[in-house]
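K.L.:
have a look; sequence and predicted model below, questions after that.
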Amino acid sequence: MAKHSKRSASIFRYPVLLAFSLFFVGLFALDLITPDRAYSELENTTLSQRPSLSSFSADGLNKFFTAYTKYVKDQVAGRDNWVALQSTVETKVMQKEQSGGILLGKEHMMFPRTYGLVSSETRTLPKNTAALEALCQRYPGLVNVMLVPAASAVYPENVPAGAPLLDEDRYLDALSEAVQTAGGRFVDVRQTLADHKGEYIYYRTDHHWTSTGAYYAYQQLCTALGLTPFDPSAHTARTAEGFYGTHYSKARTPDAEPDTITYYDLPNALTIYTVTAPGQPAEGETTGLYDTDKLSVYDKYAMFLHGNNGLSRIKGDGTGRGRILVIKDSYANCFVPYLTANYTDIDVVDFRNYNYGLDQLIADNGYDQILVLYSFDSFKSDPYLYRAGAAG
């Protein structure tokens, strides 16, 4: 009995060890009763699920324990709060200027830590450049290319001092020359965006430009094509507050300034198609331009055009104004609504969900213009854009 009492007393002589032991036991118990999550809305990512052991071989055990470690990390109870606590310690206590791979700049702006092309991009960028050249050569005089620079290229003074960010200008200069040599038009929006950098043209917590930034680029396209721009004053502007974007989901800084999404109340119809063969869309589902239900969830930007659908068609205003095909990433989602002032039909292709070439689609619809609209960051890494240059 005396020995048992002495053993118990010795445990209490190490309160820190006892506290940590109780903490981890409690966390383990909480993990057992907390149901696994399939998706983290805050991080906009799919979470690992409990793995199964495929074999008792050395390779099978190694794969199992690797997967199980990731599973435990993804499914730990209170994961979102732990990520936020880590960011707070890093940025407020340790005074770091980055968190979660995101650079924390001036004016509460966040920037991705992109110091150069990664190995996959050194292969993808030339392929996507060749795809643009092939598209311009097959449809001379029809193809317009707009590649949007990252916010860090427009606001270098807000990037933490000494961050050796990727020099986008040399790549955009080369792309401009390649497109024009191949018979296309390069709509270079760098100076336009720089001229308006005093305005709210990029989100602080997200990688996209705002509707205002997109509008200035749209005006430049209208000038190049001889079109009368959409008139914002003739429409009702609506706003959604409290938007925290993709950069915030990684950095999770406690003093982040939320963004505001602005859109215009337009009556135009959008039809989302299912495509099962080149240029052959099946009957689609027709809805409005915006999925306003998304304004009540974390990823509010997904409200534009109902996200990234393979093929969508938007009915523009009036008749006899022609057709345009937009090949895009998500930067185009807040840009495309402005085109309703200029075209009867706006077809929108996102190669992430459109598994074919474009020739049949173009032949069937007789487009007056083709617009390729990507952020440069997406363009240099998109593994699907090669389809733009493929025949079929």
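P.N.:
Yes, it's here. Numbers count the residues shown, from 1 in each chain.

K.L.:
for residue 139, which non-adjacent residue is spatially closest?
P.N.:
residue 370 (6.3 Å; C-beta to C-beta, 6 or more residues apart in numbering). All C-beta spots, glycine's among them, are computed from the backbone N, C-alpha and C.

K.L.:
what does residue 301 give?
P.N.:
Nearest one to residue 301, counting by C-beta to C-beta, 6+ apart, is residue 208 at 6.0 Å.

K.L.:
residue 374 should be in a strand, yeah?
P.N.:
Yes - counting by DSSP: H, G, I helix; E, B strand; the rest coil, residue 374 is part of a strand.

K.L.:
neighbours around it, how many?
P.N.:
22 (other C-beta atoms under 10 Å).

K.L.:
just residue 307 next, same as before
P.N.:
Neighbours around residue 307, by other C-beta under 10 Å: 17.

K.L.:
let me see the contact set for it.
P.N.:
Residue 307 makes contacts with 291, 294, 333, as judged by C-beta atoms under 8 Å, 6 or more residues apart in numbering.

K.L.:
got it, and residue 260?
P.N.:
Shown in contact with residue 260 (C-beta under 8 Å, 6+ apart): 200, 239-241, 243.

K.L.:
save those as JSON lines, and put in distance to residue 281, secondary structure and neighbour count too.
P.N.:
Converted to JSON lines, the contacts of residue 260 look like this (distance: C-beta to C-beta, whole Å; DSSP: H, G, I helix; E, B strand; the rest coil; neighbours: other C-beta atoms under 10 Å):
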{"residue": "200", "distance to residue 281": "37", "secondary structure": "coil", "neighbour count": "15"}
{"residue": "239", "distance to residue 281": "33", "secondary structure": "strand", "neighbour count": "11"}
{"residue": "240", "distance to residue 281": "31", "secondary structure": "strand", "neighbour count": "17"}
{"residue": "241", "distance to residue 281": "36", "secondary structure": "strand", "neighbour count": "10"}
{"residue": "243", "distance to residue 281": "32", "secondary structure": "strand", "neighbour count": "21"}
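
K.L.:
can you give me the helices in the stretch 251-392 of the chain?
P.N.:
For the stretch 251-392 of the chain, applying DSSP state H, counting those that start in this stretch gives helices covering 359-365, 376-379.

K.L.:
what average pLDDT does the last one get?
P.N.:
Across helix 376-379, the average pLDDT comes to 98.

K.L.:
same thing with stretch 210-224?
P.N.:
98.

K.L.:
so what pLDDT did the residue nearest to residue 139 get?
P.N.:
98.

K.L.:
list the beta-bridge partners for it.
P.N.:
residue 143, residue 325 (DSSP bridges).

K.L.:
that one: neighbour count?
P.N.:
Using other C-beta under 10 Å, residue 370 has 24 neighbouring residues.

K.L.:
can you pull the contacts of it?
P.N.:
Neighbours of residue 370 in contact, by C-beta under 8 Å, 6+ apart: 135, 139, 142-144, 324-327, 362.
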